[in-house]
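Q: Predicted model and sequence follow; I will ask about them next.
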2 protein chains.
Amino acid sequence: MERLLQTVKIAINDKIYVKDPESSDLGKRIVEHSILMIDEIGFESFTFKKLGRKIDSNESSIYRYFENKHKLLVYLTSWYWGWLEYQLVFATNSISDPTEKLTKAINIVSKTVVQDNSFSHVNEVLLNKIVVNESSKSFLTKEVDEENKEGYFTIYKRMVNRLEEMIKTVSPKYEYPSSLASTVLESTLHQHFLKEHFPTLTNCNTSKTPGDFISDLVFKTLNQSNHG
Amino acid sequence: MERLLQTVKIAINDKIYVKDPESSDLGKRIVEHSILMIDEIGFESFTFKKLGRKIDSNESSIYRYFENKHKLLVYLTSWYWGWLEYQLVFATNSISDPTEKLTKAINIVSKTVVQDNSFSHVNEVLLNKIVVNESSKSFLTKEVDEENKEGYFTIYKRMVNRLEEMIKTVSPKYEYPSSLASTVLESTLHQHFLKEHFPTLTNCNTSKTPGDFISDLVFKTLNQSNHG
DNA sequence: CAAATATAATAGTAATACTATCATTATATG
DNA sequence: CATATAATGATAGTATTACTATTATATTTG
């Protein structure tokens, strides 16, 4: 898997950036250290000036890659979903049994991320933390419709659609396949957040994971839809 | 109901504000117009200076009520959950049948909000839109643990706990009552958002509501937990 | 009416979120 | 190898934000 991924590039809509950060050393350092820095100080406190200082580069140089920090966040979350999509497709492609396939898919999207050494400039563990803590801010804006039209959220939408298709295959009669699919992703992130900050609002902890909860939720729902 | 509410005040943790906005005319105008303005231009573009201009008051005067716009957002969302909690308790209190009670509760928290004239300075319809579009930003911050300790999110947590208790009563054996309760609230908001901005990611539309989806999800899950 | 309180007006500061210009340093190509 | 081109860095500048501080002016209340 590592070998294969080394030749793979996560394809991000080129409207999200001014210059492809994968195309240069500076670009990769911007991505690498923005992940470290956003994780460390949070998206609100993060600025291009601070990042410039950290990577011994210049604020103005960073602006040559991303218009603003919002676009950088959209880029990072897109990258994350692209990376996860790859894992998802890779891991489920060969599975023919629909239930087993969906089980595996939920497993992939909800599991705690471990370091993947295929992309040396991206720390996937921290990026996952950023997705949990900050990614909502990438679409909860006044510009969401415009940016959606420009295709900023294509990868995320494709991810939801993949889950939707799997759900439909398991339960063709179920009435809310896309709502359930979007809930799987959103709720996974939310339960991870609650586990960390609001433990009384979740039953997820070290022994029961968000993935366990979501699997239970999805299959009880679909089971009822088939035989209820 | 309107009569009764006229004598009721939504009690907000007094650490959230510097001076209680309910205690003066200016305070009420701040709340009233911040709702209109955040809805109109979004939380990112909203500033106390702009609000001051709008209500013919001064930036510095607004700072005497709220330390910053973040706290104002925490106040507004707390008010919303307090208001909704009141509706929930009022509407479910007299119901003894557990299933009927939970059905009603989900109905209350997920339905499209209509104007309530009990609080003249609060436009609940717009406030609901703000909660859908902006409320995540009130807890997705680096200060969340600190603020949680200070009790900024008490009302929201109490709301989740009320749902949790109802879920437990319906299905004492179900393993994830608090996760399901928090998912009910979060997913409701998310489905309302998707309906508006990402219609391909949800089955909710004019005929099927987020409430229908959530009810279906919850009861299929709990039903399976009882008889599965 | 005096005292206290609330609000308004003004000014000021450091930081943010950029844009513009020009200098310097790599790199690519002829 | 020279030189054109592109990439990066350094510096400066602007409007806005997110405040704090001070002083002046209303308004309320005792």
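A: Good, I have the coordinates. Numbers count the residues shown, from 1 in each chain, chains lettered A, B, ... in the order given.
Q: Any stretches of chain A with poor pLDDT?
A: Scanning chain A for pLDDT under 70 picks out A:1-7, A:228.
Q: Now do the helices in it.
A: With DSSP state H as the criterion, chain A has helices at A:2-6, A:25-41, A:48-54, A:59-63, A:69-92, A:98-110, A:124-134, A:136-139, A:144-149, A:154-170, A:177-197, A:210-227.
Q: For residue A:11, which residues are in contact?
A: Residues in contact with residue A:11 (C-beta atoms under 8 Å, 6 or more residues apart in numbering or on different chains) are residue A:82. All C-beta atoms are positioned from the backbone trio N, CA, C, and that covers glycine.
Q: ignore the last one, residue A:81
A: Residues counted as contacts of residue A:81 (C-beta under 8 Å, 6+ apart) are A:155-156, A:159.
Q: Next to DNA strand C, which bits of chain A? Give me the list.
A: Listed as neighbours of DNA strand C in chain A under the rule C-beta under 7 Å from any atom of the strand: A:45, A:47-50, A:59-60, A:63, A:67-70.
Q: Just the buried ones among those residues, please.
A: When the residues of chain A next to DNA strand C are checked for burial by 16 or more other C-beta atoms under 10 Å in any protein chain shown, the buried set is A:48, A:69-70.
Q: before we move on, the earlier item: Throw the residues of chain A next to DNA strand C into CSV and include distance to residue A:167, thanks.
A: Below are the residues of chain A next to DNA strand C laid out as CSV (distance: C-beta to C-beta, whole Å):
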residue, distance to residue A:167
A:45, 39
A:47, 41
A:48, 41
A:49, 45
A:50, 43
A:59, 46
A:60, 47
A:63, 42
A:67, 36
A:68, 36
A:69, 35
A:70, 32
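Q: Spatially central residue in chain A, please.
A: Centroid-nearest residue in chain A, with C-alpha atoms, centre = their mean: residue A:81, separated by 3.7 Å.
Q: could you measure that residue against DNA strand C, distance?
A: Here residue A:81 is placed at a distance of 23 Å from DNA strand C (C-beta to the nearest atom of the strand, to the nearest Å).
Q: Residue A:187 too?
A: Separation of residue A:187 from DNA strand C (C-beta to the nearest atom of the strand) stands at 30 Å.
Q: most neighbours per residue, which of the helices of chain A?
A: By mean neighbour count, with neighbours taken as mean count of other C-beta atoms under 10 Å in any protein chain shown, helix A:177-197 ranks first of the helices of chain A at a mean of 24.
Q: for that helix, packing partners?
A: Other elements packing on helix A:177-197 under the criterion 3 or more C-beta pairs under 8 Å, 6 or more residues apart in numbering or on different chains; DSSP states H and E are helix A:98-110, helix A:124-134, helix A:154-170, helix A:210-227, helix B:144-149, helix B:177-197, helix B:210-227.
Q: so, in contact with chain B or not, stretch A:35-44?
A: Yes: using C-beta under 8 Å from any C-beta of the partner chain, stretch A:35-44 reaches chain B at A:41-42, A:44.
Q: before we move on, back to that, which one of the residues of chain A next to DNA strand C is nearest to DNA strand C?
A: DNA strand C has its nearest neighbour among the residues of chain A next to DNA strand C in residue A:68, at 3.0 Å by C-beta to the nearest atom of the strand.
Q: Around DNA strand D, pick out the residues from chain A.
A: A:19, A:24-27, A:56-61, A:64.
Q: Try it again at 6 Å.
A: Neighbours of DNA strand D within chain A, by C-beta under 6 Å from any atom of the strand: A:24, A:26, A:57-58, A:60-61, A:64.
Q: Including distance to chain B, could those residues go into a markdown table?
A: Below are the residues of chain A next to DNA strand D laid out as a markdown table (distance: C-beta to the nearest C-beta, whole Å):
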| residue | distance to chain B |
| --- | --- |
| A:24 | 30 |
| A:26 | 27 |
| A:57 | 24 |
| A:58 | 26 |
| A:60 | 23 |
| A:61 | 25 |
| A:64 | 24 |
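Q: Is it possible to get JSON lines of those that adds distance to residue A:184?
A: Formatted as JSON lines, the residues of chain A next to DNA strand D follow (distance: C-beta to C-beta, whole Å):
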{"residue": "A:24", "distance to residue A:184": "36"}
{"residue": "A:26", "distance to residue A:184": "37"}
{"residue": "A:57", "distance to residue A:184": "39"}
{"residue": "A:58", "distance to residue A:184": "42"}
{"residue": "A:60", "distance to residue A:184": "42"}
{"residue": "A:61", "distance to residue A:184": "39"}
{"residue": "A:64", "distance to residue A:184": "38"}
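Q: Now for those residues: which two are most distant?
A: Spatial extent of the residues of chain A next to DNA strand D (C-beta to C-beta) is set by the pair A:24 and A:60 at 15.2 Å.
Q: dump the residue contacts of residue A:84.
A: Going by C-beta under 8 Å, 6+ apart, residue A:84 touches A:108-109, A:159.
Q: Of all the helices and strands packed on helix A:177-197, which one is nearest residue A:85?
A: Closest approach to residue A:85 among the helices and strands packed on helix A:177-197 is made by helix A:154-170 (5.2 Å; C-beta to C-beta).
Q: How far does the closest one sit from its chain's centre?
A: Relative to the mean C-alpha coordinate of its chain, helix A:154-170 is positioned 14 Å out (C-alpha atoms, centre = their mean, to the nearest Å).
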